[in-house]
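In: Return a 3D structure for these sequence lines:
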Amino acid sequence: MNPMILQFLASLSWGLLVTPISISLARRFRVLDEPGGRKIHSGTVPRGAGIVLWLGYLLWVLLLGGSLPWARMTAIGATLVFLVGYVDDMKQTSPYLRLGVHLAAALIAIALLPLAPLTRALLVVWIAGCTNAYNLIDGMDGLCLSLTISTACLFCITGQLLPWFPLAGLCLGVLFWNFPLPRARTFL
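Out: Numbering: from 1, shown residues only. Purely as a prediction, here's the structure:
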């Protein structure tokens with residue numbers, strides 16, 4: 001079987017199989033999200049799908065993408081974004097702190113790319129802006145993951161299968177649990 005198909009299926013399986021574990025742990029330790037604000041769910045929903053996504057990506061980097069220097073750098077950047085997002089979910093953080101971490105994470109993620117200074121600066125701002133945009137919609141069940149899957153598929157069409165094809169599988173697996181039909185069973 002094609003290695004890319006295997007990576008997609010492995011990532012999909014991770015999302016499908018590990019998300020219920022995170023749901024159970026979130027209930028057990030009372031890591032729950034209440035409705036309100038930009039959130040569209042109507043009842044209490046366990047949190048933890050973001051951890052599944054982050055761990056799934058790190059696992060992919062360790063097992064398959066570790067020989068790719070850019071994959072290691074994006075994993076470091078993703079870890080920073082995950083940590084500040086997790087802390088923000090538990091205890092409100094300053095938007096300036098989040099923006100600073102997002103800018104630093106973007107700079108780390110592209111550190112090894114051979115870019116002109118202006119291109120590097122614009123890319124850092126663009127990545128941090130996209131990160132903040134996704135942060136704004138992660139409270140809307142299914143929307144953030146659906147958008148990520150669509151974006152990943154668009155990158156795949158351009159021939160950039162890594163890390164986009166496995167990422168699409170991972171997000172699709174988690175989306176099964178996050179999609180609001182009839183209501184989301186977990187929250188990012």
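In: tell me the average confidence for the helix or strand in which residue 150 is found?
Out: Using DSSP states H and E, the element containing residue 150 is helix 143-157. For helix 143-157, the mean pLDDT works out to 95.
In: How far does whatever helix or strand comes next after that helix sit from its chain's centre?
Out: Proceeding N to C from helix 143-157, the next assigned helix or strand is helix 164-178, under DSSP H and E. Using C-alpha atoms, centre = their mean, to the nearest Å, the distance from the centre of helix 164-178 to the centre of the chain it belongs to is 9 Å.
In: Against which helices or strands is helix 164-178 packed?
Out: Secondary structure elements in contact with helix 164-178, counted by 3 or more C-beta pairs under 8 Å, 6 or more residues apart in numbering; DSSP states H and E, are helix 3-28, helix 49-60, helix 143-157. C-beta coordinates here come from the backbone N, C-alpha and C atoms, glycine included.
In: And those helices: which comes nearest residue 91?
Out: For those, proximity to residue 91 was assessed by C-beta to C-beta; helix 49-60 is nearest, at 15.5 Å.
In: Which secondary structure elements does the lowest-mean-pLDDT helix or strand in the chain sit against?
Out: Taking mean pLDDT, DSSP states H and E as the measure, the helix or strand of the chain with the lowest value is strand 32-33, at a mean of 88. Packed against strand 32-33 by the contact rule (3+ C-beta pairs under 8 Å, 6+ apart) you find strand 45-46.
In: on that earlier part again, which parts of the helix holding residue 150 are buried?
Out: Neighbour-count burial for helix 143-157, with 16 or more other C-beta atoms under 10 Å as criterion, is recorded at 143, 144, 145, 146, 147, 148, 149, 151, 152, 155, 156.
In: same deal with stretch 83-93?
Out: Residues 84, 85, 88, 89 are the ones in stretch 83-93 that count as buried (16+ other C-beta under 10 Å).
In: pLDDT averaged over that stretch - what is it?
Out: For stretch 83-93, the mean per-residue pLDDT is 90.
In: Could I get the pLDDT score of the most centrally placed residue in the chain?
Out: The central residue of the chain, meaning the one whose C-alpha is nearest the mean C-alpha position (C-alpha atoms, centre = their mean), is residue 53 at 5.4 Å. For residue 53, the model assigns a pLDDT of 97.
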